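1. here is my input; please provide its structure:
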Amino acid sequence: MAQLKQDLNLFDMTMIAIGATIGSGIFLTPSIIAQALPPPLLIILVWCIGGLMTLAGALTFSELSAMMPHAGGVYVFLREAYARLVGFLFG
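-> Predicted coordinates for the structure are as follows:
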C-alpha cells in the first residue's frame with residue numbers, strides 16, 4: 001500500500017485550517033447572526049463561544065492525530081471508535 005508523505009509543517013497546517021474556516025461560509029454567516037441577535041454584544045458573545053468550540057474541536061482532532069498517525073483522518077478515528085464499541089458490546 002502506498003504511504004503518504006508527511007511533509008506539512010505548522011505553517012502549512014495553519015493555512016489549511018484558516019482556508020477551511022473562511023471557505024465554509026464566514027462571509028455569509030455574520031448577516032444571519034446579526035438578524036437573529038440585534039445587540040452587538042450578543043453577536044460578539046456568539047462568535048467567541050463559536051471560536052472556543054472550534055478550538056476544542058481542533059485540539060481534539062490534533063490529539064487523535066497524534067494517537068493514530070495514519071492516513072485517512074476522520075475515517076480512521078471513526079473506524080477505531082466503532083471497533084472499540086463493538087468490542088465493548090459483544091465482549
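
2. okay, how far is it across stretch 60-79, tip to tip?
-> 16 Å (C-alpha to C-alpha, to the nearest Å).

3. residues of that stretch that come out buried?
-> 64, 77 (16 or more other C-beta atoms under 10 Å). For glycine as for every other residue, the C-beta is placed from the backbone atoms N, C-alpha and C.

4. give the rounded mean pLDDT of it.
-> Average pLDDT, stretch 60-79: 84.

5. chain center to it, what's the gap?
-> Chain-centre distance of stretch 60-79: 12 Å, with C-alpha atoms, centre = their mean, to the nearest Å.

6. longest helix anywhere in the protein?
-> Using DSSP state H to define each element, the chain has its longest helix at helix 40-67.

7. following that one, which helix or strand comes up?
-> The helix or strand immediately downstream of helix 40-67 is helix 74-90, counting by DSSP states H and E.

8. what's that following helix in contact with?
-> The contact list for helix 74-90 (C-beta atoms under 8 Å, 6 or more residues apart in numbering) reads 64, 68, 70, 72.

9. okay, now the unreliable bits of this protein?
-> 1-2, 4, 91 (pLDDT under 70).

10. angle of the longest helix of the chain against helix 74-90?
-> 80 degrees (axes from the mean of the first three to the mean of the last three C-alpha atoms, to 10 degrees).

11. just the buried residues of helix 40-67, please?
-> Buried, per 16+ other C-beta under 10 Å, within helix 40-67: residue 64.

12. how far is it from where the chain is centred?
-> Distance of helix 40-67 from its chain centroid, counting by C-alpha atoms, centre = their mean, is 8 Å.

13. gap between the two ends of stretch 61-78?
-> 12 Å.

14. to clarify, my last question referred to stretch 67-80.
-> Note: stretch 67-80 ends 11 Å apart using C-alpha to C-alpha.
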